[in-house]
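S.K.: Take a look and give me a structure for this.
(one chain, ligands or ions: 2)
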Amino acid sequence: MRLGPGPAAPIDAKRPGALLEVRHLTKRFGGVIAVNDVSFVLPRNEILAVVGPNGAGKTTLFGLICGFLRNDQGKVQFDGRDVTGLPPHVIAKLGMVRSFQIVQMFPDLTVHETVVAAAMLHHALPAARRLADEILEELDLAEKRKELASSLPIQSRKRLELAKCVATDPKLIILDEVMAGLTLVEAEVPIAAIRKLRDRGITFLMVEHVMPVVMRLADRMLVLNFGELIMQGTPEEVMSHPDVQDAYLGAALDA
Ligand SMILES: Nc1ncnc2c1ncn2[C@@H]1O[C@H](COP(=O)(O)OP(=O)(O)OP(=O)(O)O)[C@@H](O)[C@H]1O
Ligand SMILES: [Mg+2]
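M.R.: Residues are numbered from 1 along each chain as shown. Ligands and ions are numbered 1, 2, ... in the order given. Predicted coordinates:
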């Protein structure tokens, strides 16, 4: 059943304008249409969660938006500019950064050096070091600052992914399953950090399978299935829809 993309998101006075607009985005891998004619608007300062079963096209969608993958059709508009086809480092400099679902670290850098390297996108070394100190403190990673990033357990690596994003002074952070593998107690640190960052004006687009986290954090949700955007709404609207619950989120609800 196709539920349709639903009405456009209401944009209230406190959140003027869209930060990100995705129009008719499409990506094929051979015979597979991984992302199929997806359009949505992300208002400034919103936390938008993308959900859907394995293989629905979530990571591919993020790759297209951030310039890591070439789209076959469609457009990505960010902060008033057409960024379709721009390389990731140019898009990052404009203020859109992403984390990776499969975390890879520079093998020789410590936790602190990793965040300093990200902060140097916009800052000279002394300021980048100070910023990295603040961010590691905020994300409860200060004690691990001298450890090799590649030696961290997965929970801390995911937090380091978030720290790297924050260090680039972004307008939009795109998070691909940064809570995966965390208990709800362990997720408290990143949840609190994301809320605080949003209060400071950062917008978030996230894929997250841990539904209690999505319900607590997201203002709105998009549901993807077989590459298509089948529904959008508040977490309550989406989760209470019987078709979504039965067909698409049953497995994730148990996670
Ligand atoms: N580089 C690639 N080459 C070929 N097919 C790909 C490639 N990347 C993704 N796909 C296919 O595109 C579809 C969407 O994959 P994608 O990784 O975007 O899904 P996802 O929603 O992120 O899944 P998951 O929840 O497992 O992370 C799948 O059918 C996948 O096999
Ligand atoms: Mg994925």
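S.K.: What is the neighbour count of residue 85?
M.R.: 11 (other Cβ atoms under 10 Å). In short, each C-beta sits where N, CA and C put it, glycine included.
S.K.: brain fart, residue 17
M.R.: Counted with other Cβ under 10 Å, residue 17 comes out at 11.
S.K.: Contacts only, for residue 49.
M.R.: By Cβ atoms under 8 Å, 6 or more residues apart in numbering, residue 49 lies in contact with 206-208, 214, 217-218, 220-222, 235.
S.K.: give me that answer again for 6 Å
M.R.: 206, 208, 214, 218, 221 (Cβ atoms under 6 Å, 6 or more residues apart in numbering).
S.K.: can you redo these as JSON lines with distance to residue 139?
M.R.: Shown next, in JSON lines, are the contacts of residue 49 (distance: Cβ to Cβ, whole Å):
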{"residue": "206", "distance to residue 139": "16"}
{"residue": "208", "distance to residue 139": "17"}
{"residue": "214", "distance to residue 139": "20"}
{"residue": "218", "distance to residue 139": "20"}
{"residue": "221", "distance to residue 139": "25"}
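S.K.: What separation do you get for the residue in the stretch 1-150 of the chain that ligand 2 sits nearest to and ligand 1?
M.R.: Ranked by Cβ to the ion, the top residue of the stretch 1-150 of the chain for proximity to ligand 2 is residue 59, at 3.1 Å. Distance, residue 59 to ligand 1, using Cβ to the nearest ligand atom, to the nearest Å: 3 Å.
S.K.: again, but for residue 32
M.R.: Taking Cβ to the nearest ligand atom, one finds residue 32 at 5 Å from ligand 1.
S.K.: just to revisit the earlier point, just the closest of the contacts of residue 49 to ligand 2, please.
M.R.: For the contacts of residue 49, the minimum distance to ligand 2 (Cβ to the ion) is 10.8 Å, reached by residue 208.
S.K.: thinking that closest one is in contact with residue 214, fair?
M.R.: Yes. The pair residue 208 / residue 214 is scored as a contact, 5.0 Å apart, by Cβ atoms under 6 Å.
S.K.: Count the neighbours of residue 113 for me.
M.R.: Residue 113 has 17 neighbours, counted by other Cβ under 10 Å.
S.K.: hmm, back to that, tell me, what's the model's pLDDT at the residue of the stretch 1-150 of the chain closest to ligand 2?
M.R.: pLDDT for residue 59: 94.
S.K.: For residue 159, which non-adjacent residue is closest in space?
M.R.: Ranked by Cβ to Cβ, 6 or more residues apart in numbering and with sequence neighbours excluded, the top spatial neighbour of residue 159 is residue 139, at 5.0 Å.
S.K.: on that earlier part again, for the strand or helix carrying the residue of the stretch 1-150 of the chain closest to ligand 2, enumerate the helices and strands it packs against.
M.R.: Element membership for residue 59 (DSSP states H and E) is helix 58-66. Taking 3 or more Cβ pairs under 6 Å, 6 or more residues apart in numbering; DSSP states H and E as contact, the helices and strands that helix 58-66 lies on are strand 18-29, strand 32-43, strand 172-176.
S.K.: What residues sit buried inside the first one?
M.R.: Translated: strand 18-29. 18-22, 25-27 (16 or more other Cβ atoms under 10 Å).
S.K.: swap in stretch 47-67?
M.R.: In stretch 47-67, counting by 16+ other Cβ under 10 Å, buried: 47-53, 56-67.
S.K.: and what of stretch 190-200?
M.R.: Using 16+ other Cβ under 10 Å as the test for burial, stretch 190-200 gives 190-191, 193-194, 197-198.
S.K.: Give me the below-cutoff pLDDT ranges for this structure.
M.R.: By pLDDT under 70, the weakly predicted segments of the chain are 1-16, 101-105, 245-255.
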